[in-house]
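# Coordinates for the following, if possible.
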Amino acid sequence: MCISAWSAAASPLKAMQILAADLGVAPYVTFTGRVPDEQMLEMLNTADVCVNPDIANEMNDKSTMNKVMEYMALGKPIVQFDLTEGRFSAQQSSLYARPNDALDLGDQLIDLLDDPQRREQMGRDSVASGCSTNCNGATKRRN
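This next block holds a predicted model:
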């Protein structure tokens, strides 16, 4: 994600860093900003589950985010809010939380993290669904 701000006081990035510190999770969170594609792929390949936290609104309900297709091409299971286009694209390779319900999104994420066999199956479904929907060979999965 690329965030630009006119001042540190108004920076959404700074606000997120403060929130992470307040919640006691700062040691576990890395705020990278925009990174080169190769570095992004290296980071994504370390993930057990990928999350699409885009909120339900008119645009997001009708759009498939690039990150969803990237997650699928890498064989990653996904957790996201239940949006029309997100469900159409990810199909069975995603768990779906009630729209804009952050607690349900967290519960879905925890359920998936606690179930390695389900994650593996969803990852296989991800590659199959993603490649049949939009596979251009630009991404590489590392085992």
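
# for this structure, which spans come out with low pLDDT?
Scanning the chain for pLDDT under 70 picks out 1-10, 129-143.

# residue boundaries of the strands in it?
50-52, 78-81, 94-97 (DSSP state E).

# Please report how far T64 lies from D104.
Distance, T64 to D104, by Cβ to Cβ, to the nearest Å: 21 Å. Backbone N, C-alpha and C define where each C-beta goes, glycine included.

# more crowded one of these two?
T64 (20 against 17; other Cβ atoms under 10 Å).

# Skipping its backbone neighbours, what lies nearest that one in space?
S89 (4.3 Å; Cβ to Cβ, 6 or more residues apart in numbering).

# wouldn't the one you found be in contact with V68 here?
Yes - in this structure S89 lies within contact range of V68 using Cβ atoms under 8 Å: 5.7 Å.

# Of those two, give the one with the bigger neighbour count.
The residue with more neighbours, out of S89 and V68, is V68; 26 against 22, by other Cβ under 10 Å.

# How is the chain divided into domains?
Split into domains by automatic domain parsing, the chain comes to 1-34, 35-134.

# now, of these, which is deepest in the fold?
domain 35-134 (a mean of 17; mean count of other Cβ atoms under 10 Å).
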